[in-house]
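**Student:** turn this into a model:
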Amino acid sequence: MPAQTHEYKAVIYREPLLGSIFLGASRIDPRKFTNFLNENAKDGWDVVTMEKDVRRELIFFRREGYVVILKREVNS
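**Tutor:** Down below sits the predicted model:
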């Protein structure tokens, strides 16, 4: 079996539920999302793909998020 060269992780990035409760919907803050991506990049993670995810919370509220798939090289 060949040695593994990469590892992957899936992360669901969402803003706190409080924005949904007070505003009826919670959207992603681009600055916070950028910081999240940059922090992972510092640890060697690259974004492979991402998908927008909008879910209902507590029946009436919508909460926006992203499912982000990250990959990095494994040190042998």
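
**Student:** for stretch 68-76, give the mean pLDDT please.
**Tutor:** Mean pLDDT, computed over stretch 68-76, is 90.

**Student:** buried stuff in it?
**Tutor:** Within stretch 68-76, the residues that qualify as buried are 68, 70, counting by 16 or more other C-beta atoms under 10 Å. All C-beta spots, glycine's among them, are computed from the backbone N, C-alpha and C.

**Student:** what residues does it touch?
**Tutor:** Applying C-beta atoms under 8 Å, 6 or more residues apart in numbering, the contact partners of stretch 68-76 are 3-13, 37, 40, 43-50.

**Student:** how about stretch 32-41?
**Tutor:** Outside stretch 32-41, the residues that touch it by C-beta under 8 Å, 6+ apart are 11, 13, 15, 47, 66, 68, 70.

**Student:** out of those residues, which sit inside helices?
**Tutor:** Residues of the contacts of stretch 32-41 located in helices (DSSP state H): none.

**Student:** can you say which of these are buried?
**Tutor:** 13, 15, 66, 68, 70.

**Student:** strands of this structure, start to end?
**Tutor:** Shown for the chain, the strands assigned by DSSP state E span residues 6-14, 25-26, 46-57, 61-73.
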